[in-house]
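Visitor: fold the following and give me the result.
(chains A, B, C and D)
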2 protein chains.
Amino acid sequence: MNSGKVTIHDISKALGIDSSTVSRALNDSPRVSKKTKAKILAKATELGYQRNILASNLRTNKTNTIGVVVPRISRNFFSNVIAGIEETAYEAGYNVLICQSLESLEREQKIMATLLSNRVDGVLISISMQTTSFEHLKPYKDYGSPIVFYDRPCSFEDCTSISINDFEASFKATEHLILQGCKNIVHFGGPQDIELYQNRKKGYKAALEKYGLKYEAPFCLISKLTEKEGTSMAKKVLKLKDVDGIFSVNDTAAISAIQYFKAHGVRIPEDIAIVGFNNDPISAVIEPSLTTIDQPDFEMGKKAATLLMHQIKNKKSTGKSVVLTSKLVVRDSSKYKINTEV
Amino acid sequence: MNSGKVTIHDISKALGIDSSTVSRALNDSPRVSKKTKAKILAKATELGYQRNILASNLRTNKTNTIGVVVPRISRNFFSNVIAGIEETAYEAGYNVLICQSLESLEREQKIMATLLSNRVDGVLISISMQTTSFEHLKPYKDYGSPIVFYDRPCSFEDCTSISINDFEASFKATEHLILQGCKNIVHFGGPQDIELYQNRKKGYKAALEKYGLKYEAPFCLISKLTEKEGTSMAKKVLKLKDVDGIFSVNDTAAISAIQYFKAHGVRIPEDIAIVGFNNDPISAVIEPSLTTIDQPDFEMGKKAATLLMHQIKNKKSTGKSVVLTSKLVVRDSSKYKINTEV
DNA sequence: TTTTAAAATACAATCGATTGTATTTTAAAT
DNA sequence: ATTTAAAATACAATCGATTGTATTTTAAAA
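Guide: Below you'll find the predicted structure:
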């Protein structure tokens, strides 16, 4: 009936035992005798007692809650990361407060204020594409709680970042295209304010360099990598000369480009070979299937949550960053010369 | 420096104004003069005051947080629902605590206890496939907080449900196959303990009936609709006689069936026409593209959150259920006779 | 100038659990 | 039976904000 409205004081009164003892008993403190513990526990279940966590939180200044800031929940990659975070947090008895920045700095700022107000014990954040300054993270950090960056690494104070080996992955992806015989490779890149996209571009350039191909600025198309922008980049590609390969830093753009190409008589991979990034479920199903980089998204979530909870317990950040390895998944969209020459 | 550690008492001391007045000023109460309000606000920002919501929550017995229980975050449909919920909650100043049941009753039970302990102001839940009794919801409901079911409707006490018109949608999907000329239609159904899947099956049967086709139990394959089960159901289909159509209640199963069929020389839709359910992004990209039911997932999230927050404010449930309309998206996988006869 | 109602502010209890300190109880040692 | 250390329990302050009531201040009315 009145479940949830029973307090330790009710138990205290019912048994004539002080509330402090009740509290200790419920927390299994060694300061309470087994006999009284048993009595108290029995009464607690009898009355349907449920600890009021709000009160507990206030007193202990802990919430057992971590905040997760994510650009967009519904993006496949992120929803998998969140699943990993939730899984790990659940096992450790933490709650997960999820907030979407929708790639907006303004929202991200408000979110950080809310998370501070709510005194979450730590924050996992993948900064928005608009985020170039980190003022809004300072109050939370100054309060003394840890922040861990995931996916989009960030050198803010002594915070830990967890990400994949973006440079190498991009290098390998580009190299793969080169080894397939591509000579004029276009890069679909993301906003260059984000370290992540810088790294991917660097990997692309490094591969070109290694194989003596010249990097040409017009071959580097920067956008937010949405479906729409994938299409418009595809259009641009057709206006460039002799493009025979594309390395896109996400699958969304790569896939919408493929569809545009197919609709306009450009053969994939015979005319243009394409490599994406993310290994979205669609990439395995589209025809031709998309060669892409498989990121350990779920694992990243698990690892990020573990790291954060570790820092919450130990009250300090190592500042070290964790790099997970991704791998190239070769499918049909990149079988360029192999298909045509052999 | 000490941001977040400043309390109303610090402001109170600094200005020689009682903390109650400070509190009221910060809450913009009419009981405080404009002049003092200004002074207090100025001091608050100067000191970097951040309201401690834990204390506030305890006193007011409100958390401004809603709990969301979801079978699996990373499923496209659900992540879109969550995006809608988060969006609406954000606008209303609510936080969203997300928990995955992973289709396990046991986890769902624990989650409900946690949500009660955390005194979330309301709960949005899509029950797990294992959930057939609702005992674990009672304590939360008895505590006096509203529960709203989304996607998987549920007749528990006077709770509101929000779902799509599953019966009609399934009816239409099946009817569509019939009108395409299919005579022997298999049903890929979900666990029949769940009202949702019952309704979809009923829709399927009703359509058969309307067109004088006989419902045959062996044509009704029940599973949890995973990828794996999609494949094994596809195998079973090939052992049945003369199957020329499949209505699957999710895309996952439909798609993996298509892939199995393609790999085994069964032509889609010429040999077997297929209709799915969900309009997952893949369904538009697979070849042949999958005819499916498009559900307003994001909108469902928005609506569910709105309903819940309304009930939180008004302290009562209408018990009425909301039904959103989905629509049939016709693509290539169901162009059965049209393709072969015309 | 005095009265009086309204406006502004102060006082103090409260939400429920936690925790350091003080007191009582128990049981072992003398 | 008495001392004493340890075990068990009680007392009381505290976390920080909120809120009903009491008191003071202000300004308008008499």
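Visitor: make it CA atoms for all contacts and neighbour counts henceforth
Guide: Noted.
Visitor: A:S163 sits in which helix or strand?
Guide: Assigning secondary structure by DSSP states H and E places A:S163 in strand A:160-164.
Visitor: does anything pack onto that strand? Which helices or strands?
Guide: Secondary-structure packing of strand A:160-164 (3 or more CA pairs under 8 Å, 6 or more residues apart in numbering or on different chains; DSSP states H and E): strand A:147-150, helix A:297-314, strand A:322-324.
Visitor: tell me which of the ones you listed sits most buried.
Guide: A comparison of the helices and strands packed on strand A:160-164 by mean neighbour count, using mean count of other CA atoms under 10 Å in any protein chain shown, puts strand A:147-150 on top with a mean of 26.
Visitor: may I have the strands that pair with it, each with its orientation?
Guide: Using DSSP bridges, strand A:147-150 pairs in its sheet with strand A:122-125 (parallel), strand A:160-164 (parallel).
Visitor: for the strand holding A:S163, what is the average pLDDT?
Guide: Averaging pLDDT along strand A:160-164 gives 96.
Visitor: same question, stretch A:127-140
Guide: Mean predicted confidence for stretch A:127-140 is 93.
Visitor: so which residues of the stretch 201-342 of chain A form strands?
Guide: Taking DSSP state E, counting those that start in this stretch as the criterion, the stretch 201-342 of chain A contains strands spanning A:220-222, A:245-248, A:273-275, A:292-294, A:322-324, A:327-329.
Visitor: what's in contact with the fourth one?
Guide: Looking back up the chat, that one is strand A:292-294. By CA atoms under 8 Å, 6 or more residues apart in numbering or on different chains, the list of residues contacting strand A:292-294 from outside reads A:169, A:173, A:251, A:275-279, A:283, A:326-331.
Visitor: now restrict the residues you listed to buried residues only.
Guide: Of all the contacts of strand A:292-294 considered here, the ones buried according to neighbour count by 16 or more other CA atoms under 10 Å in any protein chain shown are A:169, A:173, A:251, A:275-279, A:283, A:326-331.
Visitor: just the closest of these to A:P146, please.
Guide: Closest to A:P146 out of the buried ones among the contacts of strand A:292-294 is A:S326 (26.2 Å), distances taken as CA to CA.
Visitor: I'd say that closest one and A:S170 touch.
Guide: No - counting by CA atoms under 8 Å, A:S326 does not reach A:S170; the two are 10.1 Å apart.
Visitor: show me how chain A divides into domains.
Guide: Residue ranges for the domains of chain A, per automatic domain parsing: A:3-51, A:63-164+A:297-324, A:166-295+A:328-334.
Visitor: just put those in CSV and tack on distance to B:I125.
Guide: Rendered in CSV, the data for the domains of chain A read as follows (distance: least, CA to CA, whole Å):
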stretch, distance to B:I125
domain A:3-51, 20
domain A:63-164+A:297-324, 16
domain A:166-295+A:328-334, 26
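Visitor: wait, which of those is closest to DNA strand C?
Guide: Within these, the stretch nearest DNA strand C is domain A:3-51; the backing value is 3.3 Å (CA to the nearest atom of the strand).
Visitor: is the closest one up against DNA strand C anywhere?
Guide: Yes - contact between domain A:3-51 and DNA strand C is present through A:5-9, A:19-21, A:23-24, A:26-27, A:50-51 (criterion: CA under 7 Å from any atom of the strand).
Visitor: just the buried ones from those, in ChimeraX syntax?
Guide: Buried residues within those, by 16+ other CA under 10 Å, are selected in ChimeraX with:
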select /A:6,7,8,9,19,21,23,26,50,51
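Visitor: in strands, which of the residues of domain A:3-51 next to DNA strand C appear?
Guide: Counted as lying in strands by DSSP state E, out of those, is not a single one.
Visitor: near chain B, from the residues of domain A:3-51 next to DNA strand C?
Guide: When CA under 8 Å from any CA of the partner chain is applied, the members of the residues of domain A:3-51 next to DNA strand C adjacent to chain B are A:K5, A:Q50, A:R51.
Visitor: let's have the residues you listed in JSON lines, adding pLDDT.
Guide: As requested, these are arranged in JSON lines below (pLDDT from 0 to 100):
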{"residue": "A:K5", "pLDDT": "84"}
{"residue": "A:Q50", "pLDDT": "89"}
{"residue": "A:R51", "pLDDT": "92"}
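Visitor: with distance to A:Q100 added, can I get those residues in CSV?
Guide: As requested, those are exported to CSV (distance: CA to CA, whole Å):
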residue, distance to A:Q100
A:K5, 33
A:Q50, 31
A:R51, 30
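Visitor: just the residues you listed now: which is nearest DNA strand D?
Guide: The shortest separation between DNA strand D and any of these is 14.0 Å, and it belongs to A:R51 (by CA to the nearest atom of the strand).
Visitor: residues in contact with A:R24?
Guide: Under the contact definition (CA under 8 Å, 6+ apart), the residues listed for A:R24 are A:R31, A:V32.
Visitor: what about the residue of the stretch 51-200 of chain A found nearest DNA strand D, distance to B:L58?
Guide: Residue nearest to DNA strand D within the stretch 51-200 of chain A: A:R59 (3.4 Å; CA to the nearest atom of the strand). Using CA to CA, to the nearest Å, one obtains 10 Å as the distance from A:R59 to B:L58.
Visitor: look up the closest residue to A:L54, ignoring the ones flanking it.
Guide: For A:L54, ignoring the flanking residues on the chain, the nearest one in space by CA to CA, 6 or more residues apart in numbering or on different chains is B:L58 at 5.4 Å.
Visitor: okay, and the one you found sits in which element?
Guide: Judged by DSSP H and E, B:L58 forms part of helix B:53-60.
Visitor: after that helix comes which helix or strand?
Guide: strand B:65-70.
Visitor: what pairs with that following strand, parallel or antiparallel?
Guide: Paired strands of strand B:65-70, defined by DSSP bridges, are strand B:95-100 (parallel), strand B:122-125 (parallel).
Visitor: the next helix or strand after the first one near DNA strand C at all?
Guide: Proceeding N to C from strand B:95-100, the next assigned helix or strand is helix B:105-117, under DSSP H and E. No - using CA under 7 Å from any atom of the strand, we find that helix B:105-117 stays clear of DNA strand C, coming within 9.1 Å at best.
Visitor: give me every residue that touches the nearest residue to A:R51 once chain neighbours are set aside.
Guide: Once flanking residues are discounted, A:R51 sits nearest to B:S117: 6.1 Å by CA to CA, 6+ apart. When the contact criterion is CA under 8 Å, 6+ apart, the partners of B:S117 are A:G4, A:Q50, A:R51, A:N52, A:I53.
Visitor: list phi and psi for the third one.
Guide: Comment: the main-chain dihedrals of A:R51 come out as phi -50, psi 130, following degrees, to the nearest 10.
Visitor: spell out which parts of the stretch 51-200 of chain A neighbour DNA strand D.
Guide: The stretch 51-200 of chain A has residues A:A55, A:L58, A:R59 near DNA strand D, with proximity defined as CA under 7 Å from any atom of the strand.
Visitor: my guess is A:C182 meets A:D242, correct?
Guide: No - A:C182 sits out of contact with A:D242 when judged by CA under 8 Å, with a separation of 10.0 Å.
Visitor: if A:H187 is in a bridge, with which residues?
Guide: Residues in a beta bridge with A:H187, per DSSP bridges, are A:C220, A:F247.
Visitor: measure it to chain B for me?
Guide: 23 Å (CA to the nearest CA, to the nearest Å).
Visitor: contacts only, for that residue.
Guide: The neighbourhood of A:H187, defined by CA under 8 Å, 6+ apart, consists of A:K201, A:Y204, A:F219, A:C220, A:L221, A:I246, A:F247, A:S248, A:V249.
Visitor: for chain B, what are the nearby residues on the stretch 101-250 of chain A?
Guide: By CA under 8 Å from any CA, the part of the stretch 101-250 of chain A that sits against chain B consists of A:L116, A:S117, A:N118, A:R119, A:P139, A:Y140, A:D142, A:Y143.
Visitor: nothing else from me, thank you.
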